[in-house]
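In: Just to be clear, the model below is a prediction. Sequence and coordinates:
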Amino acid sequence: MDVPYLTKEHFIQLNDRAIRRKANRTLKRKFLDALDDSFKYPIIHTMMHTVNNDVEVRCQIAYSAMGETCWLDISLADFDVLPSVEASHNA
């Protein structure tokens with residue numbers, strides 16, 4: 001099973017795009033600036049939805065080892081090209 005993820009750089013870029021699109025789920029820049037540069041932030045849940053005739057993917061993203069998550073709306077075109085890692089079903 002492939003798990004898509006965001007780097008901090010992707011996170012900031014995609015959040016900026018979501019803000020420009022006036023997406024419903026965006027994050028404050030201060031929150032993103034505090035994230036670790038070396039971490040890969042896995043997308044652990046997704047929901048497809050349509051807004052103004054455009055398809056977006058509402059993503060739940062894990063950002064800490066304590067299980068804390070946040071939500072970000074990502075365009076389908078951007079979501080389709082995200083990097084991913086192979087995750088074992090038994091991990």
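Out: Cool, the structure landed.

In: going on from the strand ranked longest in the chain, what's the next piece of helix or strand?
Out: For the chain, the strand with the greatest residue count under DSSP state E is strand 41-51. Downstream of strand 41-51, the next assigned helix or strand under DSSP states H and E is strand 54-62.

In: Let me know the average pLDDT across that following strand.
Out: The average pLDDT for strand 54-62 rounds to 93.

In: Tell me which other helices or strands it touches.
Out: Here strand 54-62 touches strand 41-51, strand 69-75, helix 76-79, going by 3 or more CB pairs under 8 Å, 6 or more residues apart in numbering; DSSP states H and E. Backbone N, C-alpha and C define where each C-beta goes, glycine included.

In: Pull out the buried residues from the lengthiest helix in the chain.
Out: Across the chain, the longest stretch assigned as helix under DSSP state H is helix 8-21. For helix 8-21, a neighbour-count test (16 or more other CB atoms under 10 Å) marks 8, 10-12, 14-15, 17-18, 21 as buried.

In: from these, which single one is nearest residue 77?
Out: residue 17 (10.1 Å; CB to CB).

In: which residues does that closest one contact?
Out: 75, 78 (CB atoms under 8 Å, 6 or more residues apart in numbering).

In: show me what contacts the residue nearest to residue 36 when sequence neighbours are not counted?
Out: Distances taken as CB to CB, 6 or more residues apart in numbering put residue 8 closest to residue 36, at 7.0 Å, once the chain neighbours are dropped. By CB under 8 Å, 6+ apart, the residues touching residue 8 are 32, 35-37, 39, 41.
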